[in-house]
Every structure is written in C-alpha cells, then in structure tokens.
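Visitor: generate coordinates for the sequence data below:
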Amino acid sequence: MRIEGIEHVQLAMPAGQEDAARGFYWGVLGMTEVPKPPDLAKRGGVWFESPQVKVHLGIDRDFRPARKAHPALLVHDLGSLIRTLHEMGIEVVEAEALVGYDRVYVADPFGNRIELMEPRE
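Guide: From the prediction side, this is the model:
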C-alpha cells in the first residue's frame, strides 16, 4: 500500500457565504467552480478546481477558521498575484524563507490560512 496523492482539500466556511467563497477562490485565485453532487449540494458550500488541485468548502455550523493548519497552493507568477491581492485590499503575510520557494500567506474571506508558493527558477 502507498499514498498516491491528495484528491482534494476540505476547508470549512460559515453558512450562506458561498458568494464570498466565489469572490476569493474564483475571483482572486482563478479556480473554476464545479457543481457539487446533488445529495451534497443541499448541505451548502462550494467546490473549486484547477487542473492540479481541488478545494472543497463545506458548511460548518460551529465554524472557526483554520489559522494554523492550511493548504499550500503552488502558483505561477506569485509576484503578480501578490500585486492583485494588495490591490483588492487582501493582507499578504510574508513567510519565513524556505529553500527553493517564494511564498506568502493570505486568509480566505473566512479567516482560513492559505499558503501560496512558487518554486524558484
């Protein structure tokens, strides 16, 4: 047996905030919204994908943001994304050095920590 990869990352969000999720994950990060299966859609939340990663946001009635645990998303042109984040008024937190990567942290609209990483050429 071996682990072969991660199928998706699940993050929590408060009820009724799907449009805020769309604004960040689609509007800022450029991920595509995909329909949830009908039996799961009735629970609320929203799913996003890029060719390499899937992020599922599910409703948590007792929502508390993940401020330490986080997904790390590989991005292309981190500098441009950082400029866009600043223009949109989204706080960007510099991360400590990590050999081979440029990286920063941001929070989604619900306070969940997201790491954005770009391999150095």
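Visitor: tell me where the protein has helices.
Guide: 18-21, 38-41, 78-87 (DSSP state H).
Visitor: buried deepest among these, which one?
Guide: The highest mean neighbour count among the helices of the chain, using mean count of other C-beta atoms under 10 Å, belongs to helix 18-21: a mean of 16. Where C-beta positions appear, they are placed from N, C-alpha and C, glycine not excepted.
Visitor: still on that earlier bit, reformat the helices of the chain as a markdown table; add mean pLDDT and distance to Met1.
Guide: Below are these laid out as a markdown table (pLDDT from 0 to 100; distance: least, C-beta to C-beta, whole Å):
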| stretch | mean pLDDT | distance to Met1 |
| --- | --- | --- |
| helix 18-21 | 98 | 34 |
| helix 38-41 | 95 | 28 |
| helix 78-87 | 96 | 35 |
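Visitor: got CSV for the ones you listed, with distance to Asp60 too?
Guide: Formatted as CSV, the helices of the chain follow (distance: least, C-beta to C-beta, whole Å):
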stretch, distance to Asp60
helix 18-21, 13
helix 38-41, 14
helix 78-87, 25
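Visitor: which one of those lies nearest to Ala95?
Guide: Smallest distance to Ala95 across these (C-beta to C-beta): 10.9 Å, for helix 78-87.
Visitor: for that closest one, give me every contacting residue.
Guide: Val28, Leu29, Val75, Val92, Asp102, Arg103, Val104, Val106, Leu116, Met117, Glu118 (C-beta atoms under 8 Å, 6 or more residues apart in numbering).
Visitor: report the two of those residues separated the most.
Guide: Using C-beta to C-beta, these span at most 18.0 Å, a distance reached by Val28 and Asp102.
Visitor: among the helices of the chain, which is nearest Gln52?
Guide: helix 78-87 (15.3 Å).
Visitor: beta partners for the closest residue to Asp60 other than its chain neighbours?
Guide: Spatial nearest neighbour of Asp60, chain neighbours left out: Ala12 (3.8 Å); criterion: C-beta to C-beta, 6 or more residues apart in numbering. Going by DSSP bridges, Ala12 is paired in beta bridges with Gly58.
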